[in-house]
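Chemist: got a predicted model here, sequence first, then my questions.
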Amino acid sequence: MKTHLAASVLMLMSSGAFAEDLGRTLPGEVGRVAPALEAYSNNALFGTVWQKDTLSARDRALVTFAALMTRHETEALGAHAALALDAGVTPAEISETITHLAFYTGWGNATAAATAVAPVFEERGVKAEDLPAVEPDLLPLDEEAEAKRQDFVSSTYGDVSKGIVDNTQQLLFLDLWLRPGLEPRDRSLVTVAALIAAGQPEQMTFHLNRAMDNGLSKEEAGAMLSHLAFYAGWPKVFSALPVAKEVFASRAE
């Protein structure tokens, strides 16, 4: 494996800080225990996948952070938060991603992620005023789409758990999804990444369609799937592929 060549390509194609942060996401112990894994990381992952322009480095960093948070890989989150910041993700967007994914991956994952990212924010001098407001002015609501979604959920599950139906509407779609701290496309991007990383492809159809309605292209969605194979594992991505194929086909009709 041409480790040194790939490392040179990596340095040429990436900014200095970004290349350094990408390298820091791989602990030094890996090379001493699994040198082949280190070589795959340097060549296939850092030197090739991260360099493809089918998905921006910023998006890749955001997607990776979402996947690691979902998988509760908290020991890696600090390095990946630093990587995301150097790739162009703002502290406010990382903060909002953690808040958003609390609803999709659980409160424990979110609080652990906040704890892991806190030292990075402190080191970078991130202040409270750099973070999203607790109660911001919300984005405009697509009332027709929300009425359609709510009618389906209420009629399907209203007599099963009115609490989850009501909270889904009030907390998620009339509040969380309208918070301006994360663009709707990015909010969808991290949601789909989390569903893939959690092995929940049955929830993907709605959210991948929403992501593409919010501006994610088919090429970007395909690149996200390829990228996530490295961080969530090939089986989870192959479980998601049939759903993505169906969504792509339905939107082409």
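Modeler: Ah, there it is.

Chemist: which phi and psi does V89 have?
Modeler: Dihedral pair for V89: phi -70, psi 140, per degrees, to the nearest 10.

Chemist: residues near it, how many?
Modeler: 21 (other C-beta atoms under 10 Å). Every C-beta, even on glycine, is put in place using the N, C-alpha and C of the backbone.

Chemist: tell me who's in contact with it.
Modeler: R58, A61, L62, F65 (C-beta atoms under 8 Å, 6 or more residues apart in numbering).

Chemist: what subset of those is buried?
Modeler: Among those, those scoring as buried are R58, A61, L62, F65 (criterion: 16 or more other C-beta atoms under 10 Å).

Chemist: host element of the third one?
Modeler: Counting by DSSP states H and E, the element that carries L62 is helix 57-70.

Chemist: can you list the weak-confidence ranges in the stretch 151-253 of the chain?
Modeler: Of all residues in the stretch 151-253 of the chain, none has pLDDT under 70.

Chemist: show me where the protein has its helices.
Modeler: 3-13, 16-24, 29-33, 35-40, 57-70, 74-86, 91-105, 107-124, 143-157, 162-167, 184-197, 204-213, 218-232, 234-252 (DSSP state H).

Chemist: could I get those helices as a markdown table with distance to T48?
Modeler: Formatted as a markdown table, those follow (distance: least, C-beta to C-beta, whole Å):
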| stretch | distance to T48 |
| --- | --- |
| helix 3-13 | 7 |
| helix 16-24 | 12 |
| helix 29-33 | 18 |
| helix 35-40 | 10 |
| helix 57-70 | 12 |
| helix 74-86 | 17 |
| helix 91-105 | 26 |
| helix 107-124 | 26 |
| helix 143-157 | 38 |
| helix 162-167 | 42 |
| helix 184-197 | 20 |
| helix 204-213 | 25 |
| helix 218-232 | 10 |
| helix 234-252 | 16 |
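
Chemist: hang on, the earlier thing: between the contacts of V89, which is nearest E29?
Modeler: Nearest to E29 out of the contacts of V89 is F65 (C-beta to C-beta; 21.9 Å).

Chemist: got a pLDDT number for that closest one?
Modeler: On pLDDT, F65 comes in at 98.

Chemist: so it makes contact with A79?
Modeler: No - at 10.2 Å, F65 does not count as touching A79 under the criterion of C-beta atoms under 8 Å.

Chemist: centre of the chain to stretch 80-98, how far?
Modeler: Relative to the chain's own centre, stretch 80-98 is displaced by 11 Å; criterion: C-alpha atoms, centre = their mean, to the nearest Å.

Chemist: for L131, what are its contacts?
Modeler: Residues counted as contacts of L131 (C-beta under 8 Å, 6+ apart) are P91, A92, S95.

Chemist: buried ones only from those residues, please, as a ChimeraX command.
Modeler: Buried members of the contacts of L131, defined by 16+ other C-beta under 10 Å, are picked up in ChimeraX with:
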select :91,92,95
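
Chemist: and the helices of the chain: which comes nearest F173?
Modeler: Minimum separation from F173 across the helices of the chain (C-beta to C-beta) falls at helix 143-157, 5.7 Å.
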